[in-house]
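J.: sequence and predicted structure, then a few things I'm wondering about:
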Amino acid sequence: MSNQVIITAPVHPFLLETLQGKGFELLYEPEISYEALSAIIENAIGLIVTTRLKIDAVILEKANQLQWIGRIGSGMELIDTEFAAAKNIKCVSSPEGNRTTVGEHTLGLVLSLMNRIHSSSKEVQAGKWIRDANRADELTGKTVGIIGLGNTGSAFAKVLSGFEVEILAHDIYKTGFETAHLKSASLERIQAEADVISLHLPLSQLTKHYANEAFFNGLIKRPYFISTCRGAVTDTAALLKALQNEQIRGAGLDVLENEPLSNLSSPESALLIDLQAFPNFLLTPHIAGYSKEAYYKMAIVVLEKLDLI
């Protein structure tokens, strides 16, 4: 029987060393294509993936020896987990490994927008020294809406604990999480009361384009809008319209509907150019969960869940 493990993405050396120590034969292919993986998957008993490749029924059908799939990071939408379960393939992910850095990055986006940090820095680089127009909005005393109180949503709530904010959380699957500063709320209440709204939702048929035109039309207080979850949870065209109509005070994203930039279609590129024309729009290249510490911790979590350490 094979003892081959295919690794389809860059991983922390600890994961490689641990698997080698367990006697696995490693095929380290961080740039492997879907087609190339499909051609060799039949020999693997283990598979390590991130968000780059779709592990669908077609490829799993060929994986006759596969016993487990380890997902570095959070979100299983690219893996056909139902088909995998039918073949007794164990699937695990590691959101516990990078939730802290996502929470911190989300706070960074909020503070950068509210304090005009990124936009005023660009002005200084252009030889402009503008103060009055760059007066900040303090986070202290504000109401923050968190939509999705899973690993990253909870981590964002935790880093907010140092600020005197009221947190309204909306999660259709969770109850009993209320504290003195964290309240369960409907989407409508968050739309009416929040000064900041942050999305922490997995991508599914239910959540695709969750932040759509109707979502932005329902906003009352012109909040800052933040998303560090999946790009397709936000309708990019609706977000642009919300900025144009001043329905939001600013937008901070770590994700796009289509990534990386080289994958953008002409209409998608045009949308992004229009968004980037707004000084109150901030985009980072899907790095919220990408800290050095998370790189290591995600490897540990995956190995623990696979009972390999």
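T.: That came in fine, so what should we check first? Numbers count the residues shown, from 1 in each chain.
J.: residues touching the residue nearest in space to the middle of the chain, list them.
T.: Closest to where the C-alpha atoms of the chain average out (Cα atoms, centre = their mean) is residue 229, at 3.0 Å. By Cβ atoms under 8 Å, 6 or more residues apart in numbering, residue 229 lies in contact with 148, 152, 199, 200, 201, 202, 203, 255. C-beta: built from backbone N, CA, C; applies to glycine.
J.: OK, contacts around the fifth one?
T.: This points to residue 201. Taking Cβ under 8 Å, 6+ apart, one finds 147, 148, 207, 210, 229, 230, 233 in contact with residue 201.
J.: pLDDT at the first one, what is it?
T.: Looking at residue 147, its pLDDT is 98.
J.: could you measure from it over to residue 93?
T.: Using Cβ to Cβ, to the nearest Å, we find residue 147 at a distance of 20 Å from residue 93.
J.: more crowded one of the two?
T.: residue 147 (27 against 22; other Cβ atoms under 10 Å).
J.: what's the separation between the more buried one and residue 175?
T.: Here residue 147 is placed at a distance of 16 Å from residue 175 (Cβ to Cβ).
J.: swap in residue 77?
T.: Taken as Cβ to Cβ, the span from residue 77 to residue 175 is 24 Å.
J.: who has more neighbours out of the two?
T.: Between residue 77 and residue 175, counting by other Cβ under 10 Å, residue 77 is the more crowded of the two (16 against 8).
J.: am I right that that one sits in a helix?
T.: No - read with DSSP: H, G, I helix; E, B strand; the rest coil, residue 77 is coil and lies in no helix.
J.: excluding chain neighbours, what is closest to it?
T.: The spatially closest residue to residue 77, leaving aside those adjacent along the chain, is residue 203, at 4.7 Å (Cβ to Cβ, 6 or more residues apart in numbering).
J.: the one you found: how many residues sit nearby?
T.: 18.
J.: longest helix anywhere in this structure?
T.: Looking across the chain with DSSP state H, the single longest helix is helix 95-114.
J.: now do that one: which elements does it pack against?
T.: helix 151-159, strand 196-199, strand 224-227, strand 250-253, strand 281-283, helix 292-305 (3 or more Cβ pairs under 8 Å, 6 or more residues apart in numbering; DSSP states H and E).
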